[in-house]
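Visitor: Could you work out the structure for the sequence below:
(one chain, ligands or ions: 2)
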Amino acid sequence: MQALVDAIRQQGEILPGGILKVDGLVNHQLLPHLTREMGETFARHFAPLNPNKIVTIEVSGIAPAIATAMVLGVPMVYARKKKPVTMKEPAFTAQSVSRTKGGVVDLYVSSEFLGADDRVVVIDDFLASGGTLRALAGMIGVSGAQLLGIGCVVEKQFESGREKLADLNVPIHTLANIVRMSEAAGIEVEAGR
Ligand SMILES: O=P(O)(O)OC[C@H]1O[C@H](OP(=O)(O)OP(=O)(O)O)[C@H](O)[C@@H]1O
Ligand SMILES: O=c1[nH]c(=O)c2nc[nH]c2[nH]1
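Guide: Numbers count the residues shown, from 1 in each chain. Ligands and ions are numbered 1, 2, ... in the order given. Next up, the predicted model:
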């Protein structure tokens, strides 16, 4: 997605710990024309798999996920990181590590909104180590839903998440790919894959 690649070139910043800051377009401020194009691109890519649900993780996955779900005309469910009193039991749960806030986080999805009838495409903002998507895929598996594919806005190729998730045997589609980044060489970003 060329507009996203251009925006990352313009706004991306390298932070300590191999973190790419794209707060101006993905993680704090959202740009409607970019978010809309993300949704249209993911929807075009995954429509042939005929999903009936999009699943993501709060918080930064919500925008590209709802943009995709709106084009496909299917519900979007997001894993919550704190269990509210409104959540109906049983809930599926797993743990992941938050890359931007540190520490282990719990993920919860109620069986009210995910189950054996569901054909799921997962959409998230970042594919880095793949740990978060691994945790979510585990919950989807336990629910009995079928995982059809994974879409992420930004892939950090140098963290090898794609390779680590290969055993899930589902297509992974990303919109921009960070091949490498360093203070010396800057951010090398190309179209996703
Ligand atoms: O592939 P991984 O190494 O697991 O990293 C990717 C995850 O890291 C971020 O979550 P984080 O909790 O940092 O942020 P968020 O609350 O902005 O979604 C991001 O939203 C992905 O879910
Ligand atoms: O804003 C972010 N920048 C990153 O580099 C990253 N990696 C995983 N999750 C991330 N979120």
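
Visitor: helix, strand or coil for Thr86?
Guide: coil (DSSP: H, G, I helix; E, B strand; the rest coil).

Visitor: where's the residue nearest in space to the middle of the chain, which helix or strand?
Guide: Residue closest to the mean C-alpha point of the chain, counted by CA atoms, centre = their mean, is Asp124 at 1.0 Å. Using DSSP states H and E, Asp124 falls within strand 119-127.

Visitor: pLDDT of whichever strand or helix holds Ala3, averaged?
Guide: Following DSSP H and E, one finds Ala3 within helix 2-11. The average pLDDT within helix 2-11 is 98.

Visitor: right, is it up against ligand 2?
Guide: No - Helix 2-11 is not in contact with ligand 2 by CB under 6 Å from any ligand atom; minimum separation 10.9 Å. (Glycine included, C-beta is placed from N, CA and C.)

Visitor: So which bits of that helix are buried?
Guide: 3-5, 7-8 (16 or more other CB atoms under 10 Å).

Visitor: biggest helix in the chain, by residue count?
Guide: Longest helix in the chain, counting residues (DSSP state H): helix 32-46.

Visitor: average pLDDT across that one?
Guide: pLDDT averaged over helix 32-46 gives 98.

Visitor: Equivalent analysis for stretch 157-167, please.
Guide: 98.

Visitor: Buried residues, it. List them.
Guide: 157, 159, 161-162, 165.

Visitor: could you pull out the strands for this structure?
Guide: 13-15, 19-21, 53-57, 76-79, 91-97, 104-110, 119-127, 146-156, 172-182, 186-191 (DSSP state E).

Visitor: Now render those as TSV, adding distance to Thr41.
Guide: Rendered in TSV, the data for these read as follows (distance: least, CB to CB, whole Å):
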stretch	distance to Thr41
strand 13-15	24
strand 19-21	20
strand 53-57	14
strand 76-79	16
strand 91-97	25
strand 104-110	25
strand 119-127	11
strand 146-156	8
strand 172-182	6
strand 186-191	11
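
Visitor: so how far is ligand 2 from the residue lying closest to Glu58 once chain neighbours are set aside?
Guide: Distances taken as CB to CB, 6 or more residues apart in numbering put Tyr78 closest to Glu58, at 5.0 Å, once the chain neighbours are dropped. According to CB to the nearest ligand atom, to the nearest Å, Tyr78 stands 16 Å off from ligand 2.

Visitor: how far away is Tyr78 from Thr93?
Guide: 14 Å (CB to CB, to the nearest Å).

Visitor: More neighbours: those two, which one.
Guide: Set side by side, Tyr78 and Thr93 show more neighbours around Tyr78, with 20 against 15, by other CB atoms under 10 Å.

Visitor: that older thread, got the buried residues for the strand holding Asp124?
Guide: 120-127.

Visitor: from the middle of its chain, how far away would that strand be?
Guide: 4 Å (CA atoms, centre = their mean, to the nearest Å).

Visitor: related to what we said a few turns ago, what's the most distant pair in the buried residues of strand 119-127?
Guide: Spanning the widest gap among the buried residues of strand 119-127 are Val120 and Phe126, at 18.8 Å by CB to CB.
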